[in-house]
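Colleague: test case, fold it:
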Amino acid sequence: MKSQTDYLTINLPSRMGFINITPQVQECVVKSGVREGMCLVNSMHITSSVLISVDEPGLHEDFLHWLEQLAPFDRSPARYQHNRTGEGNADAHLKRQIMGRQVVLAVTEGQLDFGPWEHIFYAEFDGNRPKRVLVKIIGE
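Modeller: Residues are numbered from 1 along each chain as shown. Here you go, the predicted structure:
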């Protein structure tokens, strides 16, 4: 069995947003030489997510608006206990829990095996600094 580990570094210049990382992950799959297997894509930070979505900016704006309603940005320790530690990103932690940590995709004939319209997205909820995404591929 083959195994390949890669790390993508992402630095979103805004506090929140989505980046399509499908091409970078597919490059990792090709580099691995795996023809049949699995690909794990995992955000290695607790204020960002990796998810599968359609590549449609309006939907991403809807996600951000919805998340902001659920966990509004507020650095005040009056709203979030976590912010009493000196941090001001409690909302980002909550948003990450809603959107998830990772995705697992099939690799078939050396390609990521997607359904119609599916892409891999990195979602940032507390940006302005470099963050890592793990890409782990295993298979034959």
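Colleague: drop to CA atoms for contacts and neighbour counts, all remaining ones
Modeller: Fine.
Colleague: once you drop chain neighbours, what's closest to H60?
Modeller: F18 (6.9 Å; Cα to Cα, 6 or more residues apart in numbering).
Colleague: now for the one you found: which residues touch it?
Modeller: 60, 121-124 (Cα atoms under 8 Å, 6 or more residues apart in numbering).
Colleague: now, which of those residues sits nearest G88?
Modeller: E124 (15.2 Å; Cα to Cα).
Colleague: so how far is G110 from the closest one?
Modeller: For E124, the distance to G110 equals 29 Å [Cα to Cα, to the nearest Å].
Colleague: neighbour count: those two, which is higher?
Modeller: E124 (29 against 18; other Cα atoms under 10 Å).
Colleague: bridging residues for that one?
Modeller: Beta bridges link E124 to G17, S48, judged by DSSP bridges.
Colleague: could you dump the contacts of F18 to TSV with distance to L94 and pLDDT?
Modeller: Below are the contacts of F18 laid out as TSV (distance: Cα to Cα, whole Å; pLDDT from 0 to 100):
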residue	distance to L94	pLDDT
H60	17	97
F121	18	98
Y122	16	98
A123	13	98
E124	12	98
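Colleague: which of those are buried?
Modeller: 60, 121-124 (16 or more other Cα atoms under 10 Å).
Colleague: which residues does A106 contact?
Modeller: So A106 contacts 36-39, 112-114 (Cα under 8 Å, 6+ apart).
Colleague: so V50 sits against N42, correct?
Modeller: Yes - the criterion here is Cα atoms under 8 Å, and V50 meets it with N42 at 6.2 Å.
Colleague: quick check: neighbours shared by those two?
Modeller: 101-103.
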